[in-house]
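**Student:** Let's see this in three dimensions:
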Amino acid sequence: MSEKPYIPPAWMFRDRKPPSDDAVFEVLTRVVFQGGLSWHLMDQKWPDFQRAFADFSVDEVANFDDDKLAELIEDASIIRNSQKIEATIYNALEFVAIREEHGSFLKYLNSLDKSNNYAIIVKEFSKRFKRLGPKSCFIFLYSIGENIKRKE
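**Tutor:** Numbering: from 1, shown residues only. From the prediction side, this is the model:
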């Protein structure tokens, strides 16, 4: 009996690059919220996340104010983890800063040292983005089509 080949979920950009910073930001947010939760739950709730976070428009989320934050924390259709919601808004602001400095997130990513299997990038991203630790950072990079090597 042969094993079925691994087919990544549709939201992952394994064989292609994300088309925009908004798409990259959506993957980052999904990875942040995924921590500690089932993949199935995230799949079910994701359309509500897309609605709640303005289809992951970096510019719109970066402009969310305290009233919007309070609204999101009360929104039962999404995961109401205030730390993750605040991190999402903070991370949108980081995307804006990256875009202003480098033109786009992917240009920024391509300017970084990817030697040593992304160890330097993982360290930098874990400091730069909230709620993104080493493990979730590797998942994020893998999910946006970066060539992460499995450690044997």
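**Student:** going forward, measure contacts between C-alpha atoms and count neighbours the same way
**Tutor:** OK.
**Student:** So what touches the one helix or strand Leu72 maps to?
**Tutor:** Here Leu72 sits within helix 66-74, counting by DSSP states H and E. With CA atoms under 8 Å, 6 or more residues apart in numbering as the test, helix 66-74 has contacts from 52, 78, 80-82, 85-86.
**Student:** residue ranges of the helices in this protein, please?
**Tutor:** 21-34, 39-52, 58-62, 66-74, 82-102, 105-111, 119-128, 134-143 (DSSP state H).
**Student:** Quickly compare those helices and say which is most buried.
**Tutor:** Highest mean neighbour count among the helices of the chain (mean count of other CA atoms under 10 Å): helix 21-34, with a mean of 21.
**Student:** Just give me how far it sits from the chain centre.
**Tutor:** 2 Å (CA atoms, centre = their mean, to the nearest Å).
**Student:** Can you give me the neighbour number for Trp11?
**Tutor:** 14 (other CA atoms under 10 Å).
**Student:** so it sits right up against Val27, yeah?
**Tutor:** Yes: using CA atoms under 8 Å, Trp11 makes contact with Val27 at a distance of 7.4 Å.
**Student:** tell me the centre residue of this protein?
**Tutor:** Leu28 (0.3 Å; CA atoms, centre = their mean).
**Student:** my guess is it meets Phe140, correct?
**Tutor:** Yes: taking contacts as CA under 8 Å, Leu28 lies within contact range of Phe140: 5.9 Å.
**Student:** Give me the neighbour count for the residue nearest to Gln50 when sequence neighbours are not counted.
**Tutor:** Leaving aside its sequence neighbours, Gln50 sits nearest to Phe56 (CA to CA, 6 or more residues apart in numbering; 6.4 Å). Phe56: 23 surrounding residues under other CA under 10 Å.
**Student:** start the count at 41, not 1, going forward
**Tutor:** Got it, the first residue is 41 from now on, which makes the last one we talked about Phe96.
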